Every structure is written in C-alpha cells, then in structure tokens.
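[1] A predicted structure for the sequence below; I have some questions about it.
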Amino acid sequence: MHQTAHQLDPDSLRRLQPLGSLTETDLRRICDCAQLLHLQPGEALTMQDQTPRFLDYLISGEVELCRGRHTRLRIQQHSSQARRPLHDSLSQYEHIAARTRCTLLRIDQEQLERLLQSNWQAGYDIEELHVDSDMHAMSHLLQNRCLLALPPDNIESVMALMQSIEVQAGETIIWQGEYDDGYYTVLNGHCRVSRRPHALGDDIRLAELGPGASFGEEALITGSARNATISMLTDGVLMRLDKKYFLRYVVNELIHCHDYRGMLDKLRQGAKLIDVRSADEHGRNGYGLHIPLPLLRLRLQKLGKGREYVFCCSDGQLSTAAAFIALQQGFTASVLKGGLRTVPREYLSRYC
C-alpha cells in the first residue's frame with residue numbers, strides 16, 4: 001500500500017543521509033512527491049523492486065536483509081543504518097524482509113540528485129561522515145576496506161600514531177569554515193554535526209555521531225575548509241590521526257595515479273573516466289561520465305564493479321577524494337595525476 005508522504009514533518013527527514021543538507025523548501029518538495037510503503041511482517045522487497053530510480057529509507061519498524069534463507073543484517077528504525085538508504089546494503093544481500101509492521105519512505109533518486117546539485121554552492125559535502133555506531137571505533141577502523149588493503153606496516157603505523165583525546169560535553173571539535181588537520185574517530189560519547197547554510201542563517205542539525213563514527217577525510221584530501229561544525233553532546237574520547245600521517249600512510253598508499261598517457265591506456269583497456277567537478281565546470285570542458293563529488297555515493301550504486309574507474313577534476317584534489325570514496329566501497333579506482341589541465345584536448349576527444 002502506497003501513500004504520499006506529505007504528512008511527514010520535513011524536520012524529521014533531516015536525520016536521513018544525505019537529506020540533512022537540504023533546505024526547508026526542498027524537504028517539503030520531497031514530502032510532496034515521496035511515497036510511504038507499508039509492509040506487513042514477512043513481506044519482502046526483492047532486488048527487482050529496488051530499481052535505481054528509487055531510494056528507500058526505514059521510517060518505522062524493523063527489517064532484515066537476507067541472502068538466500070539466511071538473515072545477515074537487521075535494521076531498526078532508530079539505528080544508524082536506518083539513516084542511510086537501504087540501497088547501500090543491497091549489493092551484499094538479495095532482498096529486504098519486514099520483521100515487524102514497518103514503513104519505508106521511497107524517494108525518487110533523480111529528484112533528490114537535482115535538489116542536491118542545486119545546493120552545490122552551499123557547500124554540501126557532509127557525506128564525508130561515516131556512521132556505524134554499533135561498532136567499537138578500533139574494530140570499525142580494522143574493518144574499513146581501505147585500511148585492510150594497507151600493508152601491515154602501514155596499519156601498525158596508523159594505529160600507533162592515532163592520539164586519544166578526552167573531550168567534554170559542549171566542546172566544539174571542528175568549526176565550519178575553519179581548517180583542521182585531523183581525521184577523527186569517536187571512541188566513546190556522542191557528538192552533533194551541524195551546518196550554517198549562509199552567514200546569517202541558523203545552524204541546521206545534520207546528524208548525531210556515536211561510537212565508531214569517523215569524519216574528516218575528504219576535507220583533508222582536498223585541502224578545503226570544514227563545511228560543518230562538530231561539537232560534543234556528551235563527554236567522550238576521540239581518536240585523532242594527523243593529516244600528514246593520514247595522507248602518508250593511508251591515502252598515498254592506496255591511491256594510484258596515472259599521467260594522461262597512462263590514463264589513455266586504461267581507457268583503451270575498458271576503464272571508465274569520471275569527472276567529479278561541478279556542473280558548470282563540466283559544461284565548459286567536461287569529458288567522460290559526470291558525477292559531481294557530493295553525489296558520488298548516491299551514484300556509485302549504479303556502477304558495476306567489474307571495471308576500473310579513473311577519476312578526474314581540474315587539479316587532481318577532488319578526484320583523489322572521489323577515488324578514496326570508491327575504494328572504500330569496493331571499486332577499482334585511480335586518479336588522473338594533475339587533473340584535466342595536464343591533458344591535451346585532442347587526446348581526450350578520441351576516447352571520451
């Protein structure tokens with residue numbers, strides 16, 4: 001049974017990722033067009049129901065994600081996993097089944113992407129946050145696909161170089177608009193993520209992070225200012241890895257770069273070029289598939305993992321962040337060294 005979702009309070013959608021960056025007006029548009037799906041216990045959604053056109057979020061009740069006859073993951077309405085689209089886990093599972101009476105919010109993905117794209121200039125980039133509050137921080141790090149790909153010596157170095165920081169309720173860890181050289185993991189406690197859309201606007205609460213949550217890598221890779229404020233809701237402990245060590249032992253070890261000749265060889269062998277710049281920049285001199293960095297996590301689910309993806313931007317910074325995101329999700333990814341400005345136009349036009 002499908003119903004429109006206009007009766008939902010737009011503020012209740014802010015906890016969902018990546019809806020937290022949308023304006024009040026955009027959230028009301030989502031409510032006007034979205035659907036509520038009501039499932040009875042035992043009722044299932046198969047992969048065929050999960051077309052890339054839609055994103056489904058668990059609003060109430062409990063579901064289980066299954067492969068064959070085996071339950072592999074249970075998601076409850078208040079868990080951290082419920083903040084993300086159920087699509088995020090469907091690559092590992094065959095179907096979703098309702099354990100209790102439950103309600104799903106179904107959103108048109110193309111509409112959401114258009115709204116997010118319109119907020120590009122507002123600095124949407126909060127998807128650098130990875131929430132998994134059910135895991136101990138150290139276990140979370142060791143289960144990170146990228147860290148597991150590191151040589152053992154690098155893993156030991158990362159663990160040894162992380163600093164433990166005791167923090168108090170009300171303390172601000174990162175200020176929006178400022179630069180910070182840390183990559184953080186929450187060991188104990190909870191913190192609040194908020195963003196001010198413009199200088200005269202009010203803070204918008206985007207997320208609450210608990211033990212196991214990590215944040216900060218995209219800003220460190222791109223060299224950009226923080227676009228959100230993170231403050232402690234409770235006393236707690238954070239683990240901090242300095243930027244230079246994060247780049248040296250993690251990013252530099254994992255990200256493979258090609259000059260334009262190497263990139264062209266990859267394209268000849270079947271790799272796909274992805275431009276992660278803004279729509280304006282891509283419109284002026286773009287090549288390959290266009291996926292702006294803020295939309296990358298949403299779009300990756302549409303891409304197959306059977307080929308390599310070469311990410312590009314103007315100078316190589318955004319594309320390095322994009323490749324890191326793709327690697328975390330199990331893709332084979334590399335970067336055009338130095339960006340598109342290093343490539344003669346006539347070479348790109350032959351393959352893109």
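    Nice, thanks for sending it over. Numbers count the residues shown, from 1 in each chain.
[2] quick one: buried residues of stretch 188-200?
    The neighbour-count check on stretch 188-200 (16 or more other CB atoms under 10 Å) flags Asn188, Gly189, His190, Cys191, Arg192, Val193, Ser194, Arg195, Arg196, Pro197 as buried. The way it works is simple: take the backbone N, C-alpha and C, and place the C-beta from them, glycine included.
[3] The residues you listed: which two are farthest apart?
    Asn188 and Pro197 (30.9 Å; CB to CB).
[4] how close does Ala169 sit to Leu336?
    Taking CB to CB, to the nearest Å as the criterion, Ala169 is separated from Leu336 by 45 Å.
[5] Tell me which of the two has more neighbours.
    In terms of neighbours (other CB atoms under 10 Å), Leu336 is the more surrounded of Ala169 and Leu336; the figures are 30 against 13.
[6] Please name the residues that touch the more buried one.
    The neighbours of Leu336, taking CB atoms under 8 Å, 6 or more residues apart in numbering as the test, are Cys257, His258, Tyr260, Met263, Leu273, Val310, Phe311, Cys312, Gly316, Ser319, Thr342, Val343.
[7] Among these, which ones are in helices?
    Counting by DSSP state H, the members of the contacts of Leu336 that fall within helices are Tyr260, Met263, Ser319.
[8] from these, which is closest to Leu86?
    Distance from Leu86 was checked for each of the ones in helices among the contacts of Leu336 by CB to CB. The minimum falls on Ser319, at 28.8 Å.
[9] Can you name the residues bridging to the spatially closest residue to that closest one that is not a sequence neighbour?
    Spatial nearest neighbour of Ser319, excluding adjacent residues (CB to CB, 6 or more residues apart in numbering): Phe311 at 3.9 Å. Taking DSSP bridges, one obtains Ile274, Val335 as the residues bridged to Phe311.
[10] So Phe311 sits against Ile274, correct?
    Yes: with contact defined as CB atoms under 8 Å, Phe311 counts as touching Ile274 (5.2 Å).
[11] what touches both of the two?
    Counting by CB under 8 Å, 6+ apart, the shared contacts of Phe311 and Ile274 are Ala322.
[12] Of all the helices and strands in this protein, which has the lowest average confidence?
    Least confident helix or strand, the chain: helix 137-143 with a mean of 55, by mean pLDDT, DSSP states H and E.
[13] Compare the ones in helices among the contacts of Leu336 and tell me which has the most neighbours.
    Ser319 (30 neighbours).
[14] related to what we said a few turns ago, pick out whichever of Phe311 and Ile274 has more residues nearby.
    For Phe311 against Ile274, the residue with the higher neighbour count under other CB under 10 Å is Phe311, and the figures read 28 against 25.
[15] Please confirm that Ile173 is located within a strand.
    Yes: counting by DSSP: H, G, I helix; E, B strand; the rest coil, Ile173 is found in a strand.
[16] so it touches Thr185, yeah?
    No: with contacts counted by CB under 8 Å, Ile173 stays clear of Thr185, the gap being 11.7 Å.
[17] Could you chop the chain up by domain?
    Taking automatic domain parsing as the reference, the chain has its domains at 2-118, 125-251, 255-351.
[18] Can you list the low-confidence ranges for this structure?
    Across the chain, the ranges flagged by pLDDT under 70 are 1-7, 21, 46-52, 67-73, 80, 87-94, 117-147, 199-200, 346-352.
[19] now the helices for it?
    Chain-ordered helices for the chain, with DSSP H as the definition, fall at 24-33, 87-90, 109-118, 137-143, 145-148, 152-161, 217-222, 243-245, 252-254, 260-268, 279-285, 296-300, 317-328, 345-351.
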